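> coordinates only, sequence not included:
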């Protein structure tokens, strides 16, 4: 999306019309429908995410390779009654131009991308920096729109965790929160892995693929407090710094971007290689905060609920457009019901899942 310095197509609009979020949503939806016709029709994909039926409706095929691999483990047979429909399109492949938006450059939230004046109880509007993607959600119609100017603008990390804003906003209505956290476990129970980038979350989650554990995520998970703390998988992907991939040699064949590791993290689409190790949901038993020690052995150190919340909440809030009081309440309700520990990561990778497994075995 081209970022305007001034109002673009607003010369003939009143100030009220310029800043009406519902009108803007409807205008973009009309453009999507034109794009769909231009592309020769829609292509549907169907998913079950956190128990909800979700339809992705593509205007043509261009975005499908970028938006569907991370969700492959949750794809289902077609259905006619989606709880949420998301329309996806790009201008380049559909020859459908997005006009300049009716807001100014200083209306963008500098990090999370919400558009000032275009968010209401009904309509969410945000622009994702880096991916240059516009995300819209009409909560009343359970209808989302995702737009990019061209697939050439989509960065590698977007393919690993697609549609985060729309899923986050819509799921929060159902008391389910997208969080910056990994999750691994067994059908009987598992752990949430929280902490800032570089703390060892991904190493811990990915190491568990080579153990008794099942994998839900390394970076983003869905959680709810009701009726009991539960984690849901949303993206069956993993990322690892390119200079650290040798520590997990069993994943070497699953690296999807080996030719670009000089500028990108290694990205794994795990459902292609470990379909039987991906789990869609499990009850949560504990919150673990990995931290690298440099020592050989991995151990657990009890810590407080406040420390657990401090490791989870700020990094989630900072990343997710529209996250606020309600998101904090869901995360607090979940963490208040969990035991919290530091996971002191040793250099022996095989010990990491063993320590977590022994903990869960003793805390059923």
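Arrived safely. Predicted, not measured: the structure shown is a model, and the values here were computed from it. Residues are numbered from 1 along each chain as shown.

> For residue 188, give me its contacts.
By C-beta atoms under 8 Å, 6 or more residues apart in numbering, the contact set of residue 188 is 282-283, 364. Quick note: C-beta positions are derived from backbone N, CA and C, even for glycine.

> Please apply the same query to residue 34.
Neighbours of residue 34 in contact, by C-beta under 8 Å, 6+ apart: 94, 96.

> what kind of secondary structure is it in?
Recorded secondary structure, residue 34: helix (DSSP: H, G, I helix; E, B strand; the rest coil).

> same question, residue 348
Applying three-state DSSP: residue 348 is coil.

> so what's the backbone phi/psi at it?
Here is the backbone geometry of residue 348 (degrees, to the nearest 10): phi -80, psi 100.

> Was I right to think it contacts residue 299?
No: contact criterion C-beta atoms under 8 Å: residue 348 and residue 299 do not qualify, at 11.5 Å.

> Give me the spatial nearest neighbour of residue 189, chain neighbours excluded.
Of all residues not flanking residue 189 in the chain, residue 285 sits nearest, at 4.3 Å (C-beta to C-beta, 6 or more residues apart in numbering).

> so the one you found touches residue 361, yeah?
No: look at residue 285 against residue 361 with C-beta under 8 Å: they stay out of range, at 10.6 Å.

> Which one of those two is surrounded by more residues?
Using other C-beta atoms under 10 Å as the criterion, residue 285 and residue 361 rank with residue 285 on top: 22 against 9.

> Quick check: next helix or strand after the strand or helix carrying that one?
Residue 285 belongs to strand 281-292 when assigned by DSSP states H and E. Moving toward the C-terminus from strand 281-292, the next helix or strand (DSSP H and E) is strand 299-303.

> Walk me through which strands that next one pairs with, and which way each runs.
Strand 299-303 sits in its sheet next to strand 339-345 (antiparallel), going by DSSP bridges.

> and the angle from the following helix or strand past the partner strand to strand 281-292?
For strand 339-345, the following helix or strand on the C-terminal side (DSSP H and E) is helix 351-362. Orientation check (axes from the mean of the first three to the mean of the last three C-alpha atoms, to 10 degrees): helix 351-362 against strand 281-292 gives 130 degrees.

> Run through the neighbouring helices and strands of helix 351-362.
strand 177-186, strand 189-194, helix 201-207, strand 281-292, strand 299-303, strand 339-345 (3 or more C-beta pairs under 8 Å, 6 or more residues apart in numbering; DSSP states H and E).

> one more time with 7 Å
On a contact count with 3 or more C-beta pairs under 7 Å, 6 or more residues apart in numbering; DSSP states H and E, helix 351-362 meets helix 201-207, strand 299-303.

> can you count the residues close to the nearest residue to residue 131 once chain neighbours are set aside?
Spatial nearest neighbour of residue 131, chain neighbours left out: residue 158 (4.4 Å); criterion: C-beta to C-beta, 6+ apart. Residue 158 has 20 neighbouring residues, counting by other C-beta under 10 Å.

> do the same with residue 261
Neighbour count for residue 261, taken as other C-beta under 10 Å: 16.

> got a list of what the nearest residue to it once chain neighbours are set aside touches?
Closest residue in space to residue 261, ignoring its immediate chain neighbours: residue 242 at 3.9 Å, by C-beta to C-beta, 6+ apart. The neighbours of residue 242, taking C-beta atoms under 7 Å, 6 or more residues apart in numbering as the test, are 261, 265-266.

> right, and out of those residues, which lies closest to residue 106?
Within the contacts of residue 242, the smallest distance to residue 106 is 31.7 Å, found for residue 265 (C-beta to C-beta).

> Contacts only, for the closest residue in space to the closest one that isn't next to it in sequence.
Nearest residue to residue 265, sequence neighbours excluded (C-beta to C-beta, 6+ apart): residue 239, at 4.6 Å. Shown in contact with residue 239 (C-beta under 7 Å, 6+ apart): 160, 202, 218-219, 265-267.

> Now do the SS call for residue 239.
Secondary structure, three-state DSSP: residue 239 is strand.

> And it, how close does it get to residue 155?
For residue 239, the distance to residue 155 equals 12 Å [C-beta to C-beta, to the nearest Å].

> Now do the strands in the stretch 1-150 of the chain.
Applying DSSP state E, counting those that start in this stretch to the stretch 1-150 of the chain gives strands spanning 42-49, 52-59, 84-90, 123-128, 133-138, 143-148.

> Which of the contacts of residue 239 are buried, as a PyMOL select command?
Of these, the buried ones go into a single PyMOL selection, burial set by 16 or more other C-beta atoms under 10 Å:
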select buried, resi 160+202+218+219+265+266+267
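
> farthest-separated two in the contacts of residue 239?
Distance extremes for those: the farthest pair is 219 and 266 at 13.1 Å, using C-beta to C-beta.

> is it fair to say the residue nearest to residue 131 lies in a helix?
Yes: if the criterion is three-state DSSP, then residue 158 is within a helix.
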